[in-house]
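A.B. asks: Give me a 3D structure for the following:
(chains A and B)
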Amino acid sequence: AQRVTQPEKLLSVFKGAPVELKCNYSYSGSPELFWYVQYSRQRLQLLLRHISRESIKGFTADLNKGETSFHLKKPFAQEEDSAMYYCALSGDGGSQGNLIFGKGTKLSVKP
Amino acid sequence: DSGVTQTPKHLITATGQRVTLRCSPRSGDLSVYWYQQSLDQGLQFLIQYYNGEERAKGNILERFSAQQFPDLHSELNLSSLELGDSALYFCASSVEGQGQTQYFGPGTRLLVL
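C.D. replies: Numbering: from 1, shown residues only, chains lettered A, B, ... in the order given. I've put the predicted structure just below:
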């Protein structure tokens, strides 16, 4: 079955500390992985996708097919990074349009 | 606002009733997706339409139905409502139906009493 797991409901770090938001997936084919972010009172928006290999707002994520993981990392957290982060999967290399979401991790960056 | 719009923002209704949620995609986007977000289930895909045709179905109940109109806006119809249908319903759109970035609306919060 297709599944995305984000093991941490809440992650709290201090400003300037490194951040790693974990995401593991279960999918037998070739998935496309995404990170979506939802800032307070704003809509869900794409942060990055593995296929583009971009670094957005200092965040990066590497797809590890061996470990079936797509962890989100940032070397130095900022207070404005506080938000809900959702890992999502699209099946068949993205040919399946719909997204399968994890339950999300709330990141809190303390001053 | 050229982004995805959803109406209404909030909806309070009673069990057994029927409601319609509306979504207007971004200009130029042909595909519309509906998702349900509840505390216990998280964000779950319900259904996708592409240029007026149903493209994919997820965990959508038989009491729920959707359609996409010629002007590409979409409606999600929820009938025989139960307490457990209380949730945030999101609409998203993309240019095409496969592998494209999805742009989300602000959601409609439904409360069934």
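
A.B. asks: Just the residues contacting stretch B:46-62, thanks.
C.D. replies: Stretch B:46-62 is contacted by residues A:96-98, B:30-36, B:44-45, B:64, B:66-70, B:72, B:74, B:76, B:96-97 when judged by CB atoms under 8 Å, 6 or more residues apart in numbering or on different chains. All C-beta atoms are positioned from the backbone trio N, CA, C, and that covers glycine.

A.B. asks: Around chain B, which positions in chain A sit nearby?
C.D. replies: A:32, A:36, A:43-46, A:49, A:86, A:90, A:93-104 (CB under 8 Å from any CB of the partner chain).

A.B. asks: Could you look up the SS state of residue B:6?
C.D. replies: For residue B:6, the secondary-structure state derived from DSSP: H, G, I helix; E, B strand; the rest coil is strand.

A.B. asks: which ones are touching the residue at minimal distance from the centre of chain B?
C.D. replies: Residue closest to the average C-alpha location in chain B (CA atoms, centre = their mean): residue B:34, at 3.4 Å. For residue B:34, the contact set (CB under 8 Å, 6+ apart) comprises B:23, B:45, B:46, B:47, B:48, B:60, B:66, B:74, B:76, B:89, B:90, B:91.

A.B. asks: average model confidence for the strand or helix carrying the fourth one?
C.D. replies: The one in question is residue B:47. Secondary structure from DSSP states H and E places residue B:47 in strand B:42-50. Mean per-residue pLDDT for strand B:42-50: 92.

A.B. asks: from the middle of its chain, how far away would that strand be?
C.D. replies: 7 Å (CA atoms, centre = their mean, to the nearest Å).

A.B. asks: partners of that strand, with directions?
C.D. replies: With DSSP bridges as the test, strand B:42-50 is paired with strand B:31-38 (antiparallel), strand B:53-57 (antiparallel).

A.B. asks: which residues of chain A fall in helices?
C.D. replies: Applying DSSP state H to chain A gives no helices.

A.B. asks: where does it dip in pLDDT?
C.D. replies: For chain A, the stretches with pLDDT under 70 are A:92-96.

A.B. asks: is it true that residue B:101 touches residue A:44?
C.D. replies: No - between residue B:101 and residue A:44 there is no contact under CB atoms under 8 Å: 11.5 Å.

A.B. asks: Name the residue in the two with the higher neighbour count.
C.D. replies: residue A:44 (25 against 14; other CB atoms under 10 Å in any protein chain shown).

A.B. asks: Spit out the contact partners of the more buried one.
C.D. replies: Residue A:44 neighbours (CB under 8 Å, 6+ apart): A:36, A:37, A:38, A:86, B:90, B:92, B:104.

A.B. asks: neighbours around the nearest residue to it once chain neighbours are set aside, how many?
C.D. replies: Spatial nearest neighbour of residue A:44, excluding adjacent residues (CB to CB, 6 or more residues apart in numbering or on different chains): residue B:104 at 4.1 Å. Close neighbours of residue B:104, defined as other CB under 10 Å, add up to 22.

A.B. asks: which one of the contacts of residue B:34 is nearest chain A?
C.D. replies: residue B:45 (4.2 Å; CB to the nearest CB).
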